[in-house]
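> below are the sequence and a predicted model; questions follow.
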Amino acid sequence: MSGFAAYPVGMENTTEFLNVLRNMIVFLFEHPPVAVAAVVAFLVGTLIIAAHRARPIAKDELRGFTTTMRQEAKRRAGDRCEHSYLGFRCRTPGGHADHIYPWSKGGWTTMENCQSLCVKHNLQKSAHLPGKYYINRLEARRRRYFPANVSGKVDWKKPA
């Protein structure tokens, strides 16, 4: 297998790898404060990650966009997909109403968090979180094709 190293760089065989591992364990037994600090750091890191994952996400009770909302999203987007690549907007008809900020991550089912995407781009986006750059570009594009009386501003938070 070319390009694949079974052991860390500089270790050519199992014996050498096991010797390094043994030396690390011996060092930790000879220096208990270092061992305790390593265990504490590992446990604190694990607890931080677990607490972050266990945070409850306030979710909108309405999971999917209504038929009226989907039709309005298509109308606002001129019945085209709102995805853009290298400054060129997709020419495929927008068939899916998509949460810009995913519902599964706390995005609300509102028109301010809705975009019209073609099937390909909706499946490609999945539940990815949009970056600030993506949001800024989308809002700038919307100024060109949204009806004049409709704001193209993206807002994924709970409506007031």
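Thanks, I have it. Keep in mind that what you see is a predicted model, and the values were worked out from it rather than measured.

> residue 127 touches residue 104, doesn't it?
Yes. The pair residue 127 and residue 104 qualifies as a contact (CB atoms under 8 Å) at a distance of 5.1 Å. Backbone N, C-alpha and C define where each C-beta goes, glycine included.

> tell me which other helices or strands the lengthiest helix in the chain touches.
With residue count as the measure and DSSP state H as the assignment, the chain has helix 32-54 as its longest helix. Applying 3 or more CB pairs under 8 Å, 6 or more residues apart in numbering; DSSP states H and E, one finds that helix 32-54 makes contact with helix 14-30.

> got the angle for the helix it packs on vs helix 32-54?
For the pair helix 14-30 and helix 32-54, the angle between their directions (axes from the mean of the first three to the mean of the last three CA atoms, to 10 degrees) equals 100 degrees.

> list the helices and strands helix 14-30 packs on?
Applying 3+ CB pairs under 8 Å, 6+ apart, one finds that helix 14-30 makes contact with helix 32-54.

> what's the helix it packs on in contact with?
Applying CB atoms under 8 Å, 6 or more residues apart in numbering, the set of residues contacting helix 32-54 from outside is 27-29.

> identify each buried residue in that helix, please.
Judged by neighbour count using 16 or more other CB atoms under 10 Å, helix 32-54 contains no buried positions.
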